[in-house]
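Visitor: any chance you can model this:
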Amino acid sequence: MTEQTEPASEATLATESHDPAVPEAYAAFMRQGWGDRELELPPHPITAHAAARRTRLAEAFPGERLVIPSGTFKVRANDTDYRFRADTAHAYLCGNQTTDAVLVIDDGEASLYARPRSARDTDEFFRDRQYGELWAGRRPSLHELSTSLGLTCRHIDELPAALSATGKTRVLRGVDAKVDGLVPADSGQDQDFARVLSELRLVKDAWEIGELQQACDITTMGFEDAVRDWANVRKYGERWVEGTFFRRARAMGNDIGYDSIVGGGRHATTLHWIDNTGPITPGELVLLDMGVEGHNLYTADVTRTLPIDGTFTTLQRDLYTLVHDAQQAGIETVRPGVPFLSAHNAAMNVLAHGLADLGLLPVSAEEALSPDSKLYARWTLHGTSHMLGLDVHDCGNASMDIYPKGDLAEGMCLTVEPGLYFQEDDLLVPEELRGIGIRIEDDIVVTADGYSNLSASLPRTAADVEAWMGALL
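Guide: Next comes the predicted model:
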């Protein structure tokens, strides 16, 4: 397999107008005198699992060519890109995390088409801002990728010829526009391909559950970091929690799994408040919805609502306990064979009756819970659960008959996260409730005889939260 490429032309190099001129004498000098080396990378921990996954996928589409790109850079602003994160299906099937790679499974035979490190005798090596080693760091060679991932690896330049061969081809669309353009689209077969790729991930194996457990454990540390630094949190506000948690995520994982939600006071009533620009005000609550993405891209998704003073007021405690009881009711329904929506229905039953007890519902709890009514949802807003894995909202292209309308099975991992949200301008609730938002979320894996809470190391009851904060402050 060849690693060399033709020297890149000015037009193909990722350079900028403000880059200094490169005289030929300088360019020639930079193309010589470099040592070279191949690294002996250890086998990727996903290798054996990925091979079995590819086999299952190929069996679903016998005799077909399946194309799963990793994706490429996405522009953040002008000439700066977001940090790259490989497409979930691609990472699941091979473990590769480099840009511009494409996994092709052709009648069961898998090859990874990748863009390897720059040849040292090309301008790309020292001039290209996206792929040049001196700008962006050393990319692995094809040999290194092959030995680590246990795959045949070919140069990405060979991909067009491979995809032009006869045979039925399915592409995971929307990941890499260049790859999309190589194969005529067939919306029906490509959507079906995306569905199967999602459904393959519904049941996690023991290794995946271990990765999720590790992500939850690091997430717990990130929550603890924030509370230990509570003086600065109160001084600098929501941004301080976001930054503190991000440091832990980057130090021990790959990244945050999603933009952290740090909602102090009324911001907690905005479900996806990610601006995190507000103050942390004594006497109020702060909702923290944060999760670490591990090195192999599995992510936690955990929420706690904390009293900023370290102790709940009577009203805050009562509302928090109602949400906790709803969450516990939902968690306790989890086991193989029950509908995925069981946790949601159990949690909503508790919350609807609690809202009725507060005198907020214009009808009885039972009437409000009717599918034709759902009046209680004014204050609960969202579903209680979603699948969790490589994506924080995992398996999103699965058939609705399987998820969310299907049953749970051993190895599935889901969140259970009910909440109550009283908007600051909601005139249908007493003034003392306005601006309060509470959510509690844990990551639950379905076991053979029930469930296991992967995020159980973070306290959940009001008393335990207060004791935990007291020990850290």
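Visitor: ok, which stretches of the stretch 351-473 of the chain are helices?
Guide: For the stretch 351-473 of the chain, the helices defined by DSSP state H, counting those that start in this stretch cover 365-369, 462-472.
Visitor: buried stuff in the first one?
Guide: In terms of neighbour count (16 or more other CB atoms under 10 Å), helix 365-369 has its buried residues at A365, A368, L369. C-beta coordinates here come from the backbone N, C-alpha and C atoms, glycine included.
Visitor: any chance of the helices of the stretch 351-473 of the chain in a markdown table, plus distance to E238 and mean pLDDT?
Guide: Formatted as a markdown table, the helices of the stretch 351-473 of the chain follow (distance: least, CB to CB, whole Å; pLDDT from 0 to 100):
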| stretch | distance to E238 | mean pLDDT |
| --- | --- | --- |
| helix 365-369 | 33 | 98 |
| helix 462-472 | 17 | 98 |
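Visitor: using TSV, lay out those helices together with distance to V292.
Guide: Converted to TSV, these look like this (distance: least, CB to CB, whole Å):
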stretch	distance to V292
helix 365-369	36
helix 462-472	18
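Visitor: minimum distance to I440: which of those helices has it?
Guide: Shortest distance between I440 and those, using CB to CB, is found for helix 462-472: 9.4 Å.
Visitor: report all helices and strands that the closest one contacts.
Guide: Packing contacts for helix 462-472, counted by 3 or more CB pairs under 8 Å, 6 or more residues apart in numbering; DSSP states H and E, involve helix 206-228, strand 302-307, helix 314-331.
Visitor: among the ones you listed, which is the most enclosed?
Guide: strand 302-307 (a mean of 24; mean count of other CB atoms under 10 Å).
Visitor: out of the helices of the stretch 351-473 of the chain, nearest to H143?
Guide: When the helices of the stretch 351-473 of the chain are compared by CB to CB, helix 462-472 sits nearest H143, at 48.3 Å.
Visitor: can you list contacts of that closest one?
Guide: Outside helix 462-472, the residues that touch it by CB atoms under 8 Å, 6 or more residues apart in numbering are 224, 227-228, 230, 304, 306-307, 310-312, 317, 320-321, 324, 458-459.
Visitor: bridging residues for G419?
Guide: R439 (DSSP bridges).
Visitor: give the contact list for it.
Guide: V323, T380, L381, H382, G437, I438, R439, I440.
Visitor: out of those, which is nearest to A162?
Guide: Closest to A162, out of all of the contacts of G419 and judged by CB to CB, is H382, at 43.7 Å.
Visitor: count of neighbours near that closest one?
Guide: Using other CB atoms under 10 Å, H382 is surrounded by 15 other residues.
Visitor: go on, G63?
Guide: Counted with other CB under 10 Å, G63 comes out at 10.
Visitor: return the residues in contact with it.
Guide: D107, G167, K168.
Visitor: now the first one. Nearest residue, chain neighbours left out?
Guide: In this structure, D107 finds its nearest non-sequential neighbour in G63, 5.4 Å apart by CB to CB, 6 or more residues apart in numbering.
Visitor: any idea what P307 is bridged to?
Guide: In beta-bridge terms (that is, DSSP bridges), P307 pairs with L285.
Visitor: that one touches Q316, doesn't it?
Guide: Yes: if you go by CB atoms under 8 Å, P307 and Q316 touch, sitting 6.1 Å apart.
Visitor: quick check: the gap between the nearest residue to H386 once chain neighbours are set aside and T72.
Guide: Among residues not flanking H386 along the chain, H393 sits closest, at 5.0 Å (CB to CB, 6+ apart). Distance from H393 to T72, counting by CB to CB, to the nearest Å: 23 Å.
Visitor: look at P160 and say how many residues are nearby.
Guide: The burial count for P160: 14, using other CB under 10 Å.
Visitor: begin at 34 from here
Guide: Sure, I'll start numbering at 34, so the last one becomes P193.
Visitor: extract the C-alpha trace of the host helix or strand of it and format it as CSV.
Guide: Assessed by DSSP states H and E, P193 sits inside helix 192-197. Written as CSV, here are the backbone C-alpha positions of helix 192-197 (Å, rounded to 0.1, in the frame of the first residue of the first chain):
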residue,chain,number,x,y,z
LEU,A,192,-12.3,5.8,-2.7
PRO,A,193,-13.9,7.1,-5.9
ALA,A,194,-12.8,4.1,-7.9
ALA,A,195,-14.0,1.7,-5.1
LEU,A,196,-17.4,3.3,-5.1
SER,A,197,-17.8,3.4,-8.9
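Visitor: just how off-centre is that helix within its chain?
Guide: Per CA atoms, centre = their mean, to the nearest Å, the displacement of helix 192-197 from the mean C-alpha position of its chain is 31 Å.
Visitor: residues of it that come out buried?
Guide: L192, A195, L196.
Visitor: may I see these arranged in a markdown table, with pLDDT and distance to R64 as well?
Guide: Below are the buried residues of helix 192-197 laid out as a markdown table (pLDDT from 0 to 100; distance: CB to CB, whole Å):
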| residue | pLDDT | distance to R64 |
| --- | --- | --- |
| L192 | 98 | 27 |
| A195 | 96 | 30 |
| L196 | 96 | 32 |
